[in-house]
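Colleague: fold the following and give me the result.
(2 chains)
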Amino acid sequence: MTHRFSARQTLAHLLLILGAVIVLLPFYVMISTSFKSPAEIATGTGGVFGSQALFTDQSCTNLGGTEADCLVRPVIDNYSQAFTKAPLWRYLLNGVIVTASIFALQTLIAVPAAYALAKLKFWGRDAALGLVLFCLLIPVHAIALPIYLMLAKLGLTNSYAALIAPWVVSAFGIFLMRQFFMTVPDDLIDAASMDGMGEFAIIWRVMLPTAIPALLAFAIFSVVAHWNDYFWPRIVITGDRSLFTPPLGLREFKGDLGGDFYGPMMATATIIAVPLVVAFLLAQRRFIDGITLSGMK
Amino acid sequence: MCDALTLSSAASKPQKIARPERRQARAGMALFAPALILLVVILIFPVTVAALLSFTDYTLGRPGISWVGLRNYVDIFSGSSYRKMIVATVLYVLIVVPVSVFLGLGAALLIRSLKVGQSFYKTVYFLPVMASLLAMAIVWEFALHPTLGIVNRTLAMGCGTPVEWWSWFAHGCTEGFPLWLGDRDYALYTLAFIGIWQSFGFNMVLYLAGLTSVPSDLYGAASMDGVKRGWERFRLVTWPMLGPTTVFVVTITTIRSFQVFDTVEALTHGGPAKSTYVMIYAIYQKGIAQNLVGLGAALTVLFLALVMLINVAQRRFIERKVHYQ
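Modeller: Numbering: from 1, shown residues only, chains lettered A, B, ... in the order given. Now for the predicted structure:
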């Protein structure tokens, strides 16, 4: 099928391509720089992926290596330095531990609460819903200072607990799951109940499986927010590198940076940004739905 | 008392009651209890603590604490560095919100009008929303590096070409292009640019969703009434129908702009000359880094009040708009 040439369509494409160039510019800079040698970075040469000519690693010769030993490919050197100059594997592992724990705990707390709000009549239910809706309005930045003080008083700063604890209850998660549970027919629950299922079994074996789409959307929302979060880790992790999350690790890389480290730094940035970007490209619709979920309230 | 009554009436009914009310009441409270406790401990209690501490001179690690009344608030509104904070924060929000909302709407309208390539642009524009803002901020810093960065290098290629009739550009060619993040006249605008770059794809997606919900027969009706030109159609049909979406987009963009922190902390530290000293960074710097908890708490309270105000304004707006639907 061919499209008739249309000036209007062409103009729209031109504008959108211009926008796309600006939007993609930093991604291009990040990946391209991570492929280049220090000399290419300093002179702005090397095209998109650098010439990949072997060069002598200065820090290697300083340690007494011979010229021949110290010849490296820029791309390999940048990415291996990203992992050797800083414990990047550890940062990534911390990122996984923190985001996974937060999501697991949020689910554990939010799903029963949402079920209670949606399907059980109990004294104070309206007030409880009101509380959840009110808490939706409190931005995390407003509670950062007092929570930091509480954690400091308990001696819990610089710990996984400090990274995870403030996030275990998500008013948004409760509200979202409640909205979804409202649409589940009561008959389903009554039938399960007459089969002798307790409330817990009903929640995890009847309700949750029906709510997988909502839970998945919430998972994406939660994981993206906490993998990328820099504000909170910055506050509660001071100095202990073994607890750094990926953004903190990258920030530290920038902190002790000389001119020659742009290659490895961009390699680190690429490694940190890539997991979510790839996941997004693979499941775009789910990601867009998940991230824009906050549009539902 | 009430419970017993309903229970006995339920028991006397002949039909099967799968879930007696009392059991529901007990289970409901038990299941909501963990969330309740945590919401109070993690959200409500800290807000209260912040409000109380804002009237004290508390610092972490010192045993004494005394009431200072409104002194922290007076300090905020009389100190020159805080005036700079308010200017930087407000300016940042006033730049980012309109531009990001406008670009989001513009991109959505353009994308909707396309015959091919809709999903390509949608994906591209949404990428910055997904990527770690801190990582991308550091990349932008490198791209904007005065000598090594791609931006100034590209600009320098324009020197000697007709672009030089633009006096700003000619000045850049002779005196050097701006330092961007290192120049007090440009730093805040540069951060605002990064903020817009990161956020407008989110707005675009919300507007795309809003556009699909505009009933297409409205356009038919409009064209029968003689509204044929694109701009008129937009002004009379699309824009009013997007009202609720716009209210939401503006609210969320405003709240998020007030929360800007990552780019400031990583790239400018509030400088140069406090030109990028925004509110959340001030809370972090005063309340946590410098341990002036009272001041930080007062700033926190102001920030919270601001966010609540925006939320109330949004609700008012929505209530007035509701009869459009």
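Colleague: please verify my assumption that A:Phe244 contacts A:Thr238.
Modeller: No: look at A:Phe244 against A:Thr238 with CB atoms under 8 Å: they stay out of range, at 10.6 Å. C-betas here are computed from N, CA, C, even on glycine.
Colleague: more neighbours: those two, which one.
Modeller: A:Phe244 (22 against 11; other CB atoms under 10 Å in any protein chain shown).
Colleague: how near is that one to A:Ala104?
Modeller: Separation of A:Phe244 from A:Ala104 (CB to CB, to the nearest Å): 21 Å.
Colleague: how many residues are close by A:Ala82?
Modeller: 25.
Colleague: give me every residue that touches it.
Modeller: For A:Ala82, the contact set (CB atoms under 8 Å, 6 or more residues apart in numbering or on different chains) comprises A:Leu88, A:Pro264, A:Met265, A:Ala267, A:Thr268, A:Ile271.
Colleague: near chain B too, which of these?
Modeller: A:Met265 (CB under 8 Å from any CB of the partner chain).
Colleague: compare the contacts of A:Ala82 and tell me which has the most neighbours.
Modeller: Ranking the contacts of A:Ala82 using other CB under 10 Å puts A:Thr268 first, with 30 neighbours.
Colleague: now that one: which helix or strand?
Modeller: helix A:262-282 (DSSP states H and E).
Colleague: state the mean pLDDT of that helix.
Modeller: Helix A:262-282 comes out with an average pLDDT of 90.
Colleague: next one: stretch A:117-130
Modeller: Rounded mean pLDDT across stretch A:117-130 is 91.
Colleague: coming back round to it: quick one: buried residues of the next helix or strand after the helix holding A:Thr268?
Modeller: Where DSSP H and E defines the elements, the next helix or strand beyond helix A:262-282 is helix A:284-291. For helix A:284-291, the neighbour count (16 or more other CB atoms under 10 Å in any protein chain shown) marks A:Arg286, A:Phe287, A:Ile288, A:Asp289, A:Gly290, A:Ile291 as buried.
Colleague: what sits against the fifth one?
Modeller: Meaning A:Gly290. By CB under 8 Å, 6+ apart, the neighbours of A:Gly290 are A:Leu216, A:Ala217, A:Phe218, A:Ala219, A:Ile220, A:Phe221, A:Val224.
Colleague: show me which of these is closest to chain B.
Modeller: A:Val224 (6.5 Å; CB to the nearest CB).
Colleague: which helix or strand contains the closest one?
Modeller: helix A:212-228.
Colleague: that helix versus helix A:284-291: what angle between them?
Modeller: 80 degrees (axes from the mean of the first three to the mean of the last three CA atoms, to 10 degrees).
Colleague: quick one: mean pLDDT over helix A:212-228.
Modeller: 89.
Colleague: helices and strands around it, which ones?
Modeller: helix A:88-119, helix A:171-182, helix A:262-282, helix A:284-291 (3 or more CB pairs under 8 Å, 6 or more residues apart in numbering or on different chains; DSSP states H and E).
Colleague: switch the cut-off to 10 Å
Modeller: The contact analysis (3 or more CB pairs under 10 Å, 6 or more residues apart in numbering or on different chains; DSSP states H and E) places helix A:212-228 against helix A:88-119, helix A:171-182, helix A:208-210, helix A:246-255, helix A:262-282, helix A:284-291, helix B:118-130, helix B:133-143.
Colleague: specify the local secondary structure of whichever residue of chain A sits closest to chain B.
Modeller: Closest approach between chain A and chain B, counting by CB to the nearest CB: A:Phe122, at 3.0 Å. Secondary structure, DSSP: H, G, I helix; E, B strand; the rest coil: A:Phe122 is coil.
Colleague: wait, it sits on B:Glu21?
Modeller: Yes: the criterion here is CB atoms under 10 Å, and A:Phe122 meets it with B:Glu21 at 9.0 Å.
Colleague: what residues are shared contacts of the two?
Modeller: When contacts are counted by CB atoms under 10 Å, 6 or more residues apart in numbering or on different chains, A:Phe122 and B:Glu21 are jointly contacted by B:Gly28.
Colleague: show me how far stretch A:38-53 is from its chain's centre.
Modeller: Distance of stretch A:38-53 from the chain centroid (CA atoms, centre = their mean, to the nearest Å) equals 31 Å.
Colleague: that older thread, which among the buried residues of helix A:284-291 gets closest to B:Leu208?
Modeller: Nearest to B:Leu208, judged by CB to CB, of these is A:Ile288 at 9.1 Å.
Colleague: skipping adjacent residues, who's closest to that closest one in space?
Modeller: B:Val205 (5.5 Å; CB to CB, 6 or more residues apart in numbering or on different chains).
Colleague: tally up the residues packed near the one you found, please.
Modeller: That count, for B:Val205 with other CB under 10 Å as the rule, works out to 22.
Colleague: now the element after the helix or strand B:Thr174 falls within, going C-ward?
Modeller: Take DSSP H and E as the rule and B:Thr174 turns out to sit in helix B:167-175. Next along the chain after helix B:167-175, taking DSSP H and E as the criterion, comes helix B:187-212.
Colleague: quick one: that following helix to helix A:284-291, angle?
Modeller: Going by the same axes, to 10 degrees, helix B:187-212 makes 110 degrees with helix A:284-291.
Colleague: buried sites along whichever helix or strand comes after helix B:187-212?
Modeller: Counting by DSSP H and E, the element after helix B:187-212 in chain order, helix or strand, is helix B:217-224. Using 16+ other CB under 10 Å as the test for burial, helix B:217-224 gives B:Ala222.
Colleague: dump helix B:217-224 to PDB, keeping only the CA atoms.
Modeller: Extracted in PDB, the C-alpha atoms of helix B:217-224 (Å, rounded to 0.1, in the frame of the first residue of the first chain):
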ATOM      1  CA  ASP B 217     -18.900  12.200  16.200                       C
ATOM      2  CA  LEU B 218     -18.200  15.600  17.800                       C
ATOM      3  CA  TYR B 219     -15.900  16.400  14.900                       C
ATOM      4  CA  GLY B 220     -18.600  15.400  12.500                       C
ATOM      5  CA  ALA B 221     -21.100  17.700  14.300                       C
ATOM      6  CA  ALA B 222     -18.500  20.500  14.300                       C
ATOM      7  CA  SER B 223     -17.900  20.100  10.600                       C
ATOM      8  CA  MET B 224     -21.600  20.300   9.900                       C
END
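Colleague: now chain B against chain A: closest residue?
Modeller: B:Gly28 (3.0 Å).
Colleague: rewinding a little: hang on, the residue nearest to A:Ile288 packs against B:Leu127?
Modeller: No: counting by CB under 10 Å, B:Val205 stays clear of B:Leu127, with 11.8 Å between them.
Colleague: can you count the residues close to the residue of chain A closest to chain B?
Modeller: 19.
Colleague: what of A:Leu250?
Modeller: A:Leu250 has 28 nearby residues by other CB under 10 Å.
Colleague: could you find the closest non-adjacent residue to it?
Modeller: Using CB to CB, 6+ apart, the closest residue to A:Leu250 is A:Thr268 (5.3 Å).
Colleague: again, but for A:Gln284
Modeller: A:Gln284's closest residue in space is B:Thr123 (CB to CB, 6+ apart), at 5.8 Å.
Colleague: next up, the contacts around the one you found.
Modeller: B:Thr123 neighbours (CB under 10 Å, 6+ apart): A:Ala20, A:Phe280, A:Leu281, A:Gln284, A:Phe287, A:Ile288, B:Met130, B:Gly201.
Colleague: which ones are touching the fourth one?
Modeller: Meaning A:Gln284. B:Ser119, B:Lys122, B:Thr123, B:Phe126, B:Met130.
Colleague: in this structure the last one contacts A:Ala283, no?
Modeller: So the one you mean is B:Met130. No: at 11.3 Å, B:Met130 and A:Ala283 do not qualify as touching, with contact defined as CB under 10 Å.
Colleague: neighbour count winner among these two?
Modeller: Neighbour count, other CB under 10 Å: between B:Met130 and A:Ala283, B:Met130 has more, with 23 against 14.
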